[in-house]
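K.L.:
everything below, folded, please.
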Amino acid sequence: MDIGTIILAISLIIIMFGMGLSLVKDDFIRILQNPKAIVVGLLNQIILLPIIAFLLISVFGVGTDIAIGIMILAACPGGPTSNLITHLAKGDTGLSVSLTAANSLITILTIPFVIDFALTQFLDASEMIQIDKLKTVAQIFVIVIIPVSIGMALKAAKPTFADKMNKPVKIASGVVLFLVIIGLVLKKKEDLIPYLKQAGLIALTLNVATMLIGFITAKIAKLNLAQSLTISIESGIQNGTMAIAIASGILMNENYAIAPAVYSLIMFFTGGAIIAYGTKTIEKT
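P.N.:
Got it, this is the predicted structure:
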């Protein structure tokens with residue numbers, strides 16, 4: 001494991017610790033109290049997102065590295081960035097945080113299976129990588145659940161300190177993701193243009209499609225505007241840092257990280273657009 005991968009893993013642990021600072025046990029209890037919104041959100045994040053990603057890969061006919069990268073990304077929904085964007089967009093922050101709490105537990109189990117499916121679908125027999133699902137679950141547990149749990153424990157013990165740290169850590173997580181992407185781009189600069197041509201359009205399409213479908217399914221379920229906007233954000237804003245860490249650290253292939261990096265850049269722009277929409281629209285209601 002090279003120094004860049006180690007730094008990425010440490011950065012992700014810090015980000016997940018920051019996410020823990022914003023979680024309390026009531027966020028998990030709220031999952032039971034507001035089941036309809038949570039179910040619609042998880043339906044989009046855990047089930048529809050990978051399906052849409054796979055269908056778009058089939059339509060766009062992208063190369064193997066991009067296809068696997070897109071599927072890794074689709075296995076990593078939500079995260080601290082979606083919570084921050086939801087807050088800024090005047091969405092339902094409680095719902096966003098509860099969805100993050102739920103999928104941080106669920107994806108420990110689903111990520112290895114989505115990755116295994118992607119590798120089986122897109123690699124030739126001679127290139128096939130066998131992943132140890134139990135080991136992968138353990139690795140994700142270490143970089144997600146343990147730091148989140150420590151953050152939650154600190155929040156419970158020192159709530160004032162945790163609240164003060166919450167926003168700076170969320171902003172720092174966005175900065176870390178940006179720096180990770182820049183580092184990856186510089187490292188792969190010779191192959192960048194071909195990869196951008198392949199990954200750019202499918203990443204943008206996936207981002208916009210999942211946001212729209214998230215919003216539509218929420219409205220079909222008769223959720224209010226703030227909840228619908230939140231599910232749209234949670235459906236389209238993915239945990240790019242996690243996806244890049246899995247590609248580079250667990251699968252040891254930085255080419256798989258290109259698509260998540262491109263997607264992460266795009267979602268900052270679409271996230272800005274949805275913040276502008278939410279701020280303008282929800283404040284009027």
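K.L.:
burial count for the closest residue to residue 93 other than its chain neighbours?
P.N.:
In space, and not counting its chain neighbours, residue 93 is closest to residue 87: 4.8 Å by C-beta to C-beta, 6 or more residues apart in numbering. (C-beta placed from N, C-alpha, C; glycine too.) Neighbour count of residue 87, defined by other C-beta atoms under 10 Å: 20.
K.L.:
quick check: residue 87 vs residue 29, distance?
P.N.:
20 Å (C-beta to C-beta, to the nearest Å).
K.L.:
where does residue 257 land in three-state SS?
P.N.:
Recorded secondary structure, residue 257: helix (DSSP: H, G, I helix; E, B strand; the rest coil).
K.L.:
so it sits against residue 244, correct?
P.N.:
Yes - contact criterion C-beta atoms under 8 Å: residue 257 and residue 244 qualify, at 4.5 Å.
K.L.:
give me the low-pLDDT residue ranges for the stretch 101-250 of the chain?
P.N.:
125-132, 170, 173-174, 177, 180-181, 184-185, 187-192 (pLDDT under 70).
K.L.:
so where do the helices sit in it?
P.N.:
Remark: helices assigned in the stretch 101-250 of the chain by DSSP state H, counting those that start in this stretch are 133-140, 146-157, 159-187, 192-220, 225-236, 240-245.
K.L.:
now distance to residue 61 too, for those helices, in CSV please.
P.N.:
Shown next, in CSV, are the helices of the stretch 101-250 of the chain (distance: least, C-beta to C-beta, whole Å):
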stretch, distance to residue 61
helix 133-140, 28
helix 146-157, 38
helix 159-187, 24
helix 192-220, 10
helix 225-236, 23
helix 240-245, 21
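K.L.:
out of the ones you listed, which gets nearest to residue 79?
P.N.:
helix 240-245 (6.7 Å; C-beta to C-beta).
K.L.:
just name whatever secondary elements the closest one is in contact with.
P.N.:
Contact partners of helix 240-245 among helices and strands, from 3 or more C-beta pairs under 8 Å, 6 or more residues apart in numbering; DSSP states H and E: helix 3-21, helix 64-74, helix 159-187, helix 258-282.
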